[in-house]
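Asker: this one's structure only:
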Ligand SMILES: Cc1ncc(C[n+]2csc(CCOP(=O)(O)OP(=O)(O)O)c2C)c(N)n1
């Protein structure tokens, strides 16, 4: 479906601006057929080129195995990132350790690159509150209220300005999030304060059952930047090199006081989450062509024509990812033992007396009421 | 055939859309798929894409849009996908919906319904389990309705849609599909503002609502106390009379809700009983509630929920 903002507007006189005045290009280095202009290729070492490939495999294998675990009842609801590999890896690869990454949940490999352990990601999706503690130690957070955390991102960037910190904050979110009021206030505010913030929208074209064209009448997310006085870019999010390169520049822009609206154009290949059935709202005809445009295969074509494919031992890479994943599950299974005290201690720095009483009361009822444990089925355990 | 709460919602919406063409239904994912819980399934096929609309992911505009539609004479029934996402919409409910009639001295009004699944127990992500009915009931001008059974769900939702004032309709999603009962095809309303006596008794009055109603009934069944069980059904405006009359009879009272304890709606009930029938009380009133913490993520959320053993213990203690 194409957007049309000028119905019945053919014979107007006054100088209206329309979407047509703002054509938004899609930035690409490697095209859908794996072709590219060598001039455009970012200056990376062989190792780094190979590393990007390995990270995409990590993301893909992670997604596959998480779904399997969920189907076996060993995980809560999870959302697959299949299709987003280049978008996540390209953007994550440009970040430094001091940078903040506030995410919506589909950015595993980007968080791993920041030093988050895979075990902690597994703990998170098992509904173990401690997981976010470990994420926070790596300047990461997952926000489940869509878009709600974007003003916080602005605030972190503001703090970086006040304290002269040489880092950026990036928020990852979906196209749906750009419809929230929080998005608009956050982006506008960041612009006014010149915050080193990158608003990174993974536009996978669906928000559960709502397609992008029902999310906004604008042609792109990137163009929003102009209205707020920011830099904006629309990148082919299935092109890992373009994503990485643009994100690197976004980081430089942000550091120099120009917040950025970054749109990575990609596609959610699977359901919104394991409790969603995408066949209810989208046709095979739409999905199939995207399945053929796999971001990992596209990059493989690039590595081949650069003569770098020999450096990739895919089998060994997958084996290594699986090994790491196995170890992470084992560590997650071994996590604990946990005490109900953890439900109470983190709310305030010092526990108020009333909360202290409530904790004692819960402890008492657990020890005195025989049937209470029966009602508390502990699954999946931590 | 016995129906679920989800079916009852769907029946009420279908019948009201049929009866009154001003009724429009909208929210995230409600039209194409029938919503994440399928409460609005089939409505778009029946009533078309003008009256059943998928919206952008915009809680502020969903709630504020409902106010505007209502002011303009339509009868909006908006869905907020989970009550944990009401906070952005709260501004619109407080600032506009609840006081449009007051502000315009009766010239305009906001007869709207915001439906939202609430409560813990389905092992969901953060923000998918809260029960902040007390906070919403604190807003003057906003009615807050919480059914606990399929029959009541249909009747209360129909009454809410026909109500001349804004109604926040909170659905106990934990029992969306687990409670079944016969729901007649007839057009009937369950009046807003009336509690139901689920079980008569002499010893102690137990007041609850939503999913906790069922935990309360389960608790009462297991103990040797002749409890009078009251389902509040409407948090605001509250049916003071039924509560007061019952406590006059039993002289004892326990209140059960899953929302945090401090400032929860139980406090208001206790204050009401103190105001009206303090002299009849033979024991201090107790409340069994969630704790003053956010609902824990799925691995430990069960420690938060007031399960029947905790409820039973409190009733026995108060009855002694
Ligand atoms: C404020 C808010 N409203 C509704 C939801 C329920 N919900 C969870 S994900 C989602 C769709 C998100 O779509 P998008 O932002 O495009 O991200 P994607 O899942 O496509 O990556 C919705 C409606 C939520 N989590 N938060």
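Answerer: Looks like it arrived, so ask away. None of these values were measured; they are calculated from a predicted model. Numbering: from 1, shown residues only, chains lettered A, B, ... in the order given.
Asker: From the ligand, how far off is the residue in the stretch 101-250 of chain B positioned nearest to chain A?
Answerer: Scanning the stretch 101-250 of chain B for the residue nearest chain A gives residue B:126, at 4.4 Å (criterion: C-beta to the nearest C-beta). (Glycine included, C-beta is placed from N, CA and C.) According to C-beta to the nearest ligand atom, to the nearest Å, residue B:126 stands 9 Å off from the ligand.
Asker: Is that residue located within a strand, as I assumed?
Answerer: No. Judged by DSSP: H, G, I helix; E, B strand; the rest coil, residue B:126 forms no part of a strand; its state is coil.
Asker: give me phi/psi at it?
Answerer: Backbone dihedrals for residue B:126, given as degrees, to the nearest 10, come out at phi -60, psi 150.
Asker: tell me, how many neighbours does it end up with?
Answerer: By other C-beta atoms under 10 Å in any protein chain shown, the residues close to residue B:126 number 20.
Asker: OK, now which residue of chain A is nearest to chain B?
Answerer: Taking C-beta to the nearest C-beta, chain B has its nearest neighbour within chain A at residue A:127, 3.0 Å off.
Asker: The lengthiest helix in chain A: what's the following helix or strand?
Answerer: The longest helix of chain A (DSSP state H) is helix A:46-71. Heading C-terminal from helix A:46-71, the first helix or strand you meet, by DSSP states H and E, is helix A:85-93.
Asker: can you list the residues that contact the helix or strand bottoming out on mean pLDDT in chain B?
Answerer: In chain B, the helix or strand scored least confidently by mean pLDDT, DSSP states H and E is helix B:301-304, which has a mean of 94. Contact with helix B:301-304 is made by A:127, A:340, A:343, A:362, A:366, A:375-378, B:120-121, B:123, B:129, B:258, B:290-291, B:293, B:295-296, as judged by C-beta atoms under 8 Å, 6 or more residues apart in numbering or on different chains.
Asker: For residue A:144, see how far away the closest residue to the residue of chain A closest to chain B other than its chain neighbours is.
Answerer: Counting by C-beta to C-beta, 6 or more residues apart in numbering or on different chains, residue B:298 is the residue found nearest to residue A:127 once chain neighbours are left out, at 3.0 Å. Distance from residue B:298 to residue A:144, counting by C-beta to C-beta, to the nearest Å: 12 Å.
Asker: neighbour-wise, which of those two wins?
Answerer: A count of neighbours by other C-beta under 10 Å puts residue B:298 above the other of residue B:298 and residue A:144, at 27 against 17.
Asker: how about residue 95, what does it touch?
Answerer: All of this refers to chain A. Contacts of residue A:95 (C-beta under 8 Å, 6+ apart): A:101, A:110, A:113-114, A:168, A:170, A:247, A:251.
Asker: can I get those residues in JSON lines with secondary structure and neighbour count?
Answerer: Shown next, in JSON lines, are the contacts of residue A:95 (DSSP: H, G, I helix; E, B strand; the rest coil; neighbours: other C-beta atoms under 10 Å in any protein chain shown):
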{"residue": "A:101", "secondary structure": "strand", "neighbour count": "27"}
{"residue": "A:110", "secondary structure": "helix", "neighbour count": "26"}
{"residue": "A:113", "secondary structure": "helix", "neighbour count": "23"}
{"residue": "A:114", "secondary structure": "coil", "neighbour count": "20"}
{"residue": "A:168", "secondary structure": "coil", "neighbour count": "27"}
{"residue": "A:170", "secondary structure": "strand", "neighbour count": "29"}
{"residue": "A:247", "secondary structure": "helix", "neighbour count": "25"}
{"residue": "A:251", "secondary structure": "helix", "neighbour count": "21"}
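Asker: JSON lines for these, including pLDDT?
Answerer: Below are these laid out as JSON lines (pLDDT from 0 to 100):
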{"residue": "A:101", "pLDDT": "98"}
{"residue": "A:110", "pLDDT": "98"}
{"residue": "A:113", "pLDDT": "98"}
{"residue": "A:114", "pLDDT": "98"}
{"residue": "A:168", "pLDDT": "98"}
{"residue": "A:170", "pLDDT": "98"}
{"residue": "A:247", "pLDDT": "98"}
{"residue": "A:251", "pLDDT": "98"}
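Asker: from the residues you listed, which two are the most distant?
Answerer: For the contacts of residue A:95, the maximum inter-member distance is 14.6 Å, found between A:113 and A:168 (C-beta to C-beta).
Asker: Tell me where the chain has strands.
Answerer: As the question left the chain open, I've gone with chain A. Under the criterion DSSP state E, chain A contains strands at A:100-103, A:140-142, A:169-174, A:197-203, A:206-207, A:210-211, A:231-236, A:260-265.
Asker: not quite, I wanted chain B
Answerer: With DSSP E as the criterion, chain B has strands at B:2-3, B:23-27, B:52-54, B:75-79, B:113-118, B:143-145, B:167-172, B:181-182, B:196-199, B:204-208, B:227-231, B:234-236, B:253-260, B:286-290.
Asker: quick one: the third one near chain A?
Answerer: Yes. Strand B:52-54 lies in contact with chain A when judged by C-beta under 8 Å from any C-beta of the partner chain; the contacting residues are residue B:54.
Asker: about what we covered before: the contacts of residue A:95 also near chain B: which ones?
Answerer: Answer for the contacts of residue A:95 near chain B: none qualify (C-beta under 8 Å from any C-beta).
Asker: Those residues: which ones sit near the ligand?
Answerer: With C-beta under 6 Å from any ligand atom as the criterion, the contacts of residue A:95 include none near the ligand.
Asker: Show me which of those residues is closest to residue B:206.
Answerer: residue A:101 (48.5 Å).
Asker: closest one to residue A:86 among the strands of chain B?
Answerer: Residue A:86 sits nearest to strand B:52-54 of all these, at 28.9 Å, using C-beta to C-beta.
Asker: Not counting residues beside it along the chain, what's closest to residue A:159?
Answerer: Per C-beta to C-beta, 6+ apart, closest to residue A:159 is residue A:165, 7.5 Å.
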